[in-house]
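Chemist: Have a look at this prediction, sequence included:
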Amino acid sequence: MSGLIFDPAGNLYGTTNGGGYQDVGMVFELSSQAGGVWAAKTLHNFNRSGTDGESPAAGVIMDSAGNLYGTTLGGGPDNDGTVFELSPTAQGSWSEKILHSFDGSDGFYPDAPLIFDASGHLYGTTFLGGANAGGEVFEIIP
């Protein structure tokens with residue numbers, strides 16, 4: 001189970017490790033409606049394409065422009081996990097960009113939430129891989 005975040009308008013964002021079209025997870029938004037009801041919207045369904053991520057284990061974080069960033073445990077060309085960005089489009093949908101696909105040499109199975117530094121760089125950790133096979137701390141410059 002991943003954590004949730006709020007945007008400035010009070011919408012909630014999160015991920016599921018399973019579910020979605022191919023049962024490998026999704027990113028969702030919950031919007032508060034009148035009467036205490038929440039409306040759910042799927043922002044991205046991960047898929048088994050070999051290029052997309054699979055099975056996010058951590059939640060997402062949001063930058064000041066409203067883009068969401070997160071990681072997946074699997075997926076990518078080597079099935080070692082990915083770092084992704086979702087950006088809102090003018091049409092109201094979301095566009096995904098894979099920022100990095102892990103290949104084992106730089107770690108694999110990123111399973112913890114990302115953080116930003118003051119320059120907007122992303123940092124995270126992998127569960128395994130890297131030089132000593134015990135995981136890596138990584139930096140992504142979007």
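Modeler: Thanks, I have it. Quick caveat, the model's predicted, so the values are computed rather than measured. Numbers count the residues shown, from 1 in each chain.
Chemist: going forward, measure contacts between C-alpha atoms and count neighbours the same way
Modeler: Will do.
Chemist: give me phi/psi at the residue of the chain positioned farthest from its centre?
Modeler: Relative to the centre of the chain, and counting by C-alpha atoms, centre = their mean, the farthest-placed residue is Gly35 at 30.5 Å. Backbone torsions of Gly35, given as degrees, to the nearest 10, read phi 80, psi 20.
Chemist: any idea how far Phe6 is from it?
Modeler: The spacing between Gly35 and Phe6, counted by C-alpha to C-alpha, to the nearest Å, is 19 Å.
Chemist: Please apply the same query to Pro142.
Modeler: Plainly put, Pro142 is 22 Å away from Phe6 if you go by C-alpha to C-alpha.
Chemist: and the two? which has more neighbours close in?
Modeler: Neighbours per residue (other C-alpha atoms under 10 Å) separate Pro142 from Phe6, with Phe6 holding more: 15 against 11.
Chemist: where in the chain is pLDDT low?
Modeler: Where the chain drops to pLDDT under 70, the residues are 1.
Chemist: Strands of that one, start to end?
Modeler: Using DSSP state E, the strands of the chain run over 5-6, 12-16, 26-32, 38-45, 53-54, 61-62, 68-72, 74-75, 82-88, 94-101, 108-110, 115-116, 122-128, 137-140.
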